[in-house]
Each structure stands twice: as C-alpha cells, then as structure tokens.
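>>> got a structure for you, letters missing:
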C-alpha cells in the first residue's frame, strides 16, 4: 500500500478506522482506514465497483458497517461515533450533509422552496411543533425570515437566485447539481459529503461546480468529502486524495502524489500488481517519444 507522507493529518474532522462492510459472502470494504482534514477537500476515488459509495453509505448511516469505527469531531470538540447513530441523527447532531449520485429533489416545488424544506427542523422547532406557525407566532415569523434569508444566500452562491421562483424540475442538469449542494449547505453542515457531483456535467458546468466548492471551503470552512470519477475536478480542487480498489486502500496523499503512484495508474488501467512496472515503463516510453513527462 502506498501512503504519501503529505497525507499526515493534524486536525482531522473525520476518522475512519478499520472499516469493513460485508454483504453476505461479498466483502465490499475490507479493513479500510483514512482521515479527512478539517477545512479541506478530500476526494475518494477508484475504479467502478471499488466500494466508494459503500464507504459513503457507512459514514452517512445508510449502512451499519460490519466492523470498524467512524469518528466525527466537530469544531466544538464534540465527538460522535457515526456507526452508532441513526441516519437522521448523523445529519441533525453530527452535522453531516450529503448529496447523491442520482439527483434527489422536489421537482414540483420551486427552487427556493427546496432550500426551505432543508430547514424544516428549525421551522418546526420555532412553531413549537404545533399550529403556532399558522397563527403567526413571533418566534416562527423570525425563524421563517431567517430561513428565507439563508436560502437566498445559498441561491446567490450557486448562481440560482434568478431562478428562485421556478420549479426545480425546470432547471438544467448542471443547475440541479448546484441546487442540491445549496440545499445541503442550508442544514449548516460541518462535513459535506458529495457523491459524484460532477457526473454528467459539461466542462462549463464542471468549472462552475469547482468554483462553488472552493468558495464553500474558503468562506465557511466546511470540510468536503467527495466521490468523483472526473479526474479534472479531483485534481483541480482536492487537497487530499484516497484511492480504493476492491474495497481496500491502495494510495493516500496529495493529488500530485496519487496521480503519479504506479498502483493507482495500474488500477485505472485494470492490470495486475505484477504488471505495474511494465505498464509504467510503457507509459514513460510513449511520453518520451512525444517529448512529455508523466504528470
């Protein structure tokens, strides 16, 4: 296993330790460990079927792992063992938000209403879980005003404010992706988990996504963990990259370290370990003929 010295962490928000997930006779994740640094963008990559989404499902409570520990430490110092929490408490208490590979939104609601739905818990608390909201109780009116302001803030950040009153289902695909991220940010997460946010995007839409994620990290300090197949996105915005193959970690480090790791190159080309040196030699020979160097 290749581990870059650059991958050493000083203040991890998330620690995944010896995670394993078995489905019957299939070991989807096997003794997998990594850390995500607070305030950084960490990418989890690997060939199709490597187990990336299974890891996400364990972190966000959709699966309960067969073995292992998943620790999230908030800015306040409070720690949560995510494998022991119900999925709704991972969002509510641990402040972990997630988007999905397949877009999930309320297409019949407006763009603004989709972001207000994300703040449902806050509005329900303000109503006292009764009809106080219908009666215009002052605390509910204030909470409603704050929710609309927060929704508009994230629509501005996602370049969607002019579509606020349009049905969400009418948005172009790339805008729907940004809407999902804006909706997740309305929950006030400390860790934002994104499952293939660039899937299906054209280059212009990918650029807009990159800018949004970098702005979120820079302006809010939110830590981001993403699964992504688009290597241009991964290498452009990630601080830390972890590589999975067949449920096991094969590399862990900076983007530069990982993209030059022979095991990573071999995994994406689909060759066996013993063929790695041969493949690297062929790559270097081809690039030498074209006067290039391997990046």
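Done, it's in. The structure presented is a predicted model; accordingly, all values stated were derived computationally and were not measured.
>>> where along the protein do the helices fall?
52-59, 87-92, 111-117, 120-126, 138-157, 173-185, 203-220, 231-237, 255-259, 262-269, 276-289 (DSSP state H).
>>> May I have the beta-bridge partners of residue 97?
residue 192 (DSSP bridges).
>>> Would you check that it makes contact with residue 195?
No: Residue 97 lies out of contact with residue 195 (C-beta atoms under 8 Å); the separation is 11.7 Å. Placement of C-beta: from N, CA and C, glycine included.
>>> phi, psi of residue 75?
phi -60, psi -30 (degrees, to the nearest 10).
>>> any idea how far residue 250 is from it?
From residue 75 across to residue 250, the span is 32 Å (C-beta to C-beta, to the nearest Å).
>>> what does residue 80 give?
28 Å.
>>> same thing with residue 173?
32 Å.
>>> who's more crowded, those two?
residue 250 (21 against 12; other C-beta atoms under 10 Å).
>>> excluding its backbone neighbours, what's nearest that one?
residue 263 (4.8 Å; C-beta to C-beta, 6 or more residues apart in numbering).
>>> residues in contact with residue 101?
53, 195-196, 199, 227 (C-beta atoms under 8 Å, 6 or more residues apart in numbering).
>>> what's the most distant pair in those residues?
53 and 199 (11.8 Å; C-beta to C-beta).
>>> between these two, which one's more packed in?
residue 53 (18 against 15).
>>> doesn't residue 237 make contact with residue 40?
No: look at residue 40 against residue 237 with C-beta under 8 Å: they stay out of range, at 10.3 Å.
>>> Skipping its backbone neighbours, what lies nearest residue 230 in space?
residue 198 (4.3 Å).
>>> burial count for the one you found?
Residues near residue 198, counting by other C-beta under 10 Å: 22.
>>> before we move on, what about residue 68?
Neighbours around residue 68, by other C-beta under 10 Å: 17.
>>> Local confidence estimate at it?
If you check residue 68, the pLDDT there is 97.
>>> could we number from 380 for the rest of this?
Understood, numbering begins at 380; the last thing we discussed is residue 447.
>>> beta partners of the nearest residue to it once chain neighbours are set aside?
Sequence neighbours aside, residue 398 is the residue nearest to residue 447 in space, at 3.5 Å (criterion: C-beta to C-beta, 6+ apart). Note on residue 398: beta-bridge partners residue 411, judged by DSSP bridges.
>>> Now do the contacts for residue 398.
408, 410-412, 434, 437, 444, 446-449.
>>> Check residue 550 too.
So, once contact is read as C-beta under 8 Å, 6+ apart, residue 550 ends up touching 490, 539, 542, 558.
>>> again, 10 Å this time
Contact analysis of residue 550 by C-beta atoms under 10 Å, 6 or more residues apart in numbering lists 482, 484, 486, 490, 493, 539, 542, 556-558.
>>> and what of residue 498?
505, 522-523, 525-527, 529-530, 562, 565-567.
>>> which of these are buried?
505, 522-523, 526, 529-530, 562, 565-566 (16 or more other C-beta atoms under 10 Å).
>>> Return the member of those nearest to residue 390.
residue 566 (22.5 Å).
>>> For the closest one, give its distance to residue 494.
In terms of C-beta to C-beta, residue 566 sits 10 Å off from residue 494.
>>> Between those two, which contacts overlap?
residue 529.
>>> follow-up on the earlier one: counting neighbours, which of the contacts of residue 550 end up buried?
Buried among these by 16+ other C-beta under 10 Å: 482, 484, 490, 493, 539, 542, 556-558.
>>> quick one: the residue nearest to residue 534 when sequence neighbours are not counted from residue 590, how far?
Distances taken as C-beta to C-beta, 6+ apart place residue 540 nearest to residue 534, at 4.4 Å, with adjacent residues excluded. Applying C-beta to C-beta, the value for residue 540 to residue 590 is 16 Å.
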